[in-house]
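[1] how would this look folded up:
(one chain, ligands or ions: 1)
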Amino acid sequence: MSLSSLVISTPANSAILKYKKQSEGQVCKKSEVNKTVKLPNKTILVCSEYGVGYYNTAYKWTIKQKSKSSTKLAQSEVTLGSTTQSAKVTKIYQNILDSFKPSPEYFKMTVITSPKVNMTKVNEIVSYYENSINFFPVPSNKKITWVFLNETEKDWWLQKSSEIDPSPNPDWWDSGKCQISSTSKCAYGNANTQTPIFYSVVGSSSNWETNDQMISDHESVHVYQMVSWSGTHTNCWIIEGQANAIGMAMSSRKMDMNNYRQAQLRDIQRISSNYKSFSVEDWISAYNKINSDRDFCFKNGAGYSMGMLAVESMYDLYEGKIVDQFLIEFSRSKTFDETLRKYFKISESDFYKNVALYAKSSV
Ligand SMILES: [Zn+2]
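    Now for the predicted structure:
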């Protein structure tokens, strides 16, 4: 598979809209939009954490009516049907966070901006991206180009990417992974380790929100991959699995990632509706399937969901620095099995057994 056919992108704002829990008597802040959400039995009012997106039906909502006599919808309490982050995940995130040390020199991106994009917003986003990227040891002499445009500049994007990008992606916008609108904040990269170029659409009415930390953290992992890997990986799940696992560990320093992580896990239903009752053997078959059928893997977002679990399972078992080194070396032409034997003294089939055990205990 050529590099140009691999595209990396963020799932962060295109598919998920989260709602802030309203406690009794609380009203939504002015910057938040009061939104109604239709549930099977009733309509509720919530404060929106994002100004864009749509209600993700994968979320389970539990509603407790605090007071029947109250007419204030704001007194409805909405909780997501999930628990807090487990101790196991907290330990994995800490292992990830401990494994990277930034370079002594601050890394800066090479920025290209379109004629119409809002420069104030671009500067703000660049500072978030650079902050995230500098979590990693990215040499300051490496060149990472980041192109910013707004939602109306498709023609400019087509022309600019054909001029500067050896692996241009002709599909607006990354084949529709981002819902392009005036409130979009999406990014994707060309996955070319020789000439890494990233693109961001900065919607003309978008605002950088606290939760967008996930976007800059997730994308910064791709930047790290582009500068530390020498090729790409044959397994479909590594790129997005690593970006999701490390990106979430980074974001967990500033926000609670549990609901977002749970939503990624629920997405495994696209692979199989009964994944929750998978045996270890079923999980091994599922990983074999996504490794052998790349199209199936990409179409069902398995890199993000099952990939995240596979990468987490490595950080669960091994020291973070060794996992990072393992993934770097695997990008350098050796087979997965050879690299596993060298670093972890296990075969590929034993590796997937470990992943399967971890996946089974995680969903
Ligand atoms: Zn990604």
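
[2] What segments of this structure are strands?
    Counting by DSSP state E, the chain has strands at residues 8-9, 19-20, 34-38, 43-48, 61-65, 76-80, 110-113, 145-149, 185-189, 197-202.

[3] where are the low-confidence patches of this structure?
    1-84, 232 (pLDDT under 70).

[4] again, only this time at 80
    Residues of the chain meeting the criterion pLDDT under 80: 1-85, 173-179, 191, 231-234, 333-334.

[5] Domain map for it?
    3-78, 110-228, 236-362 (automatic domain parsing).

[6] Can you tell me which of those domains is nearest to Lys91?
    Lys91 lies closest, by C-beta to C-beta, to one member of the domains of the chain: domain 236-362, at 7.7 Å. Bear in mind the C-beta positions are built from the backbone N, C-alpha and C, glycine included.

[7] Distance of the residue of the stretch 151-300 of the chain found nearest the ion relative to Ser205?
    Nearest to the ion in the stretch 151-300 of the chain, going by C-beta to the ion, is Ala243, at a distance of 4.2 Å. For Ala243, the distance to Ser205 (C-beta to C-beta, to the nearest Å) stands at 27 Å.

[8] Please identify which of these two sits among more neighbours.
    Set side by side, Ala243 and Ser205 show more neighbours around Ala243, with 29 against 14, by other C-beta atoms under 10 Å.

[9] Apart from its chain neighbours, what residue comes closest to the residue nearest to the spatial centre of the chain?
    Nearest to the geometric centre of the chain sits Asn244, at 4.4 Å (C-alpha atoms, centre = their mean). Leaving out its chain neighbours, the residue that sits closest to Asn244 by C-beta to C-beta, 6 or more residues apart in numbering is Met308, at 4.1 Å.

[10] How about Tyr129?
    Spatial nearest neighbour of Tyr129, excluding adjacent residues (C-beta to C-beta, 6+ apart): Ser216 at 4.9 Å.

[11] Do I have it right that Val264 meets Gly303?
    Careful, residue 264 is Gln and not Val. No: counting by C-beta atoms under 8 Å, Gln264 does not reach Gly303; the two are 10.6 Å apart.

[12] and the closest residue in space to Lys88 that isn't next to it in sequence, how many neighbours?
    The shortest distance from Lys88 to any non-neighbouring residue, by C-beta to C-beta, 6+ apart, is to Asp316 (6.9 Å). Residues near Asp316, counting by other C-beta under 10 Å, number 20.

[13] Equivalent analysis for Lys276, please.
    Count around Lys276 with other C-beta under 10 Å applied: 12.

[14] which residues touch the residue lying closest to it once chain neighbours are set aside?
    Once flanking residues are discounted, Lys276 sits nearest to Val363: 5.5 Å by C-beta to C-beta, 6+ apart. Contacts for Val363 (C-beta atoms under 8 Å, 6 or more residues apart in numbering) come out as 265, 268, 275-276, 278.

[15] For Asp337, grab the count of nearby residues.
    Neighbour tally, Asp337, other C-beta under 10 Å: 14.

[16] distance of it from the ion?
    26 Å (C-beta to the ion, to the nearest Å).

[17] Chain neighbours aside, what residue packs nearest to that residue?
    For Asp337, the closest residue by C-beta to C-beta, 6+ apart turns out to be Glu348, at 4.2 Å.

[18] ok, now which ones touch the one you found?
    336-337, 340.

[19] do Asp282 as well
    Contact analysis of Asp282 by C-beta under 8 Å, 6+ apart lists Ser272.

[20] if I look at it, how far off is Lys360?
    9 Å.

[21] hang on, the earlier thing: which ones are touching the residue nearest to the centre of the chain?
    218, 264, 304, 307-308, 311.

[22] Can you lay out those as TSV showing neighbour count and distance to Ile125?
    Below are those laid out as TSV (neighbours: other C-beta atoms under 10 Å; distance: C-beta to C-beta, whole Å):
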residue	neighbour count	distance to Ile125
His218	25	14
Gln264	23	23
Tyr304	23	22
Gly307	26	26
Met308	28	24
Val311	24	26
